[in-house]
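Colleague: let's see this in three dimensions:
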Amino acid sequence: MLSDSSVLAGSLLGHTDAVWGLAYSGIKNRLLSCSADGTVKLWNPVEKEPCISTFNINNEHGIPTSVDFNGCDPAHMVVSFNNGDVAIYDLETSQTALVLKGQGDSTVPCLNHINKVVSHPTLPVTVTAHEDRHIKFFDNKS
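Modeller: Numbering: from 1, shown residues only. Sure, this is the predicted structure:
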């Protein structure tokens, strides 16, 4: 694969380990990233100091594996974790709004790992893809 460095517009620095997931919202021109360092970051890529907020600083929910903006509520994001949990965060207060605890069914911890989380674009529904080959749908309101 060839790389043309002239197309690189910039870099966002802040994670201390591999970045595993990205999500972009054109509504407010924001970017989410999750990393093996345990953190989730909210970015405004056009600002001089682009990192707006950092979430899960103390790994309170585990290691994040995937992120998405909440489709029906752009003030929230959904984050999946390696232990099978999903957290919904309020982007304005930086607080956890809801945790879907222990959604993994396996007694083998690595099989509870969530590979991907997506938010339905118009309904309060979160969908997760798990290491144990399951796809699960969750109601964000219950």
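
Colleague: how many neighbouring residues does the closest residue to residue 37 other than its chain neighbours have?
Modeller: In this structure, residue 37 finds its nearest non-sequential neighbour in residue 17, 3.9 Å apart by Cβ to Cβ, 6 or more residues apart in numbering. In this view, the C-beta of every residue, glycine as well, is placed from N, C-alpha and C. Using other Cβ atoms under 10 Å, residue 17 has 11 other residues around it.

Colleague: helix or strand: which one has residue 17?
Modeller: For residue 17, there is no host helix or strand (DSSP states H and E).

Colleague: that one reaches residue 39, doesn't it?
Modeller: No - applying Cβ atoms under 8 Å as the test, residue 17 and residue 39 come out as separate, 9.0 Å apart.

Colleague: which residues touch the helix or strand harbouring residue 21?
Modeller: In this assignment (DSSP H and E), residue 21 forms part of strand 19-25. The contact list for strand 19-25, computed with Cβ atoms under 8 Å, 6 or more residues apart in numbering, reads 30-36, 64-69, 74, 77.

Colleague: from these, pick the one nearest residue 8.
Modeller: Taking Cβ to Cβ as the measure, residue 8 sits nearest to residue 31 out of these, at 15.8 Å.

Colleague: in the sheet, who's paired with that closest one?
Modeller: Counting by DSSP bridges, residue 31 forms beta bridges with residue 24, residue 43.

Colleague: how close does it get to residue 14?
Modeller: Residue 31 sits 11 Å away from residue 14, going by Cβ to Cβ, to the nearest Å.

Colleague: over to residue 125?
Modeller: Distance, residue 125 to residue 14, by Cβ to Cβ: 30 Å.

Colleague: go on, residue 141?
Modeller: Counting by Cβ to Cβ, the gap from residue 141 to residue 14 is 32 Å.

Colleague: what helix or strand does residue 133 sit in?
Modeller: When elements are assigned from DSSP H and E, residue 133 belongs to no helix and no strand.
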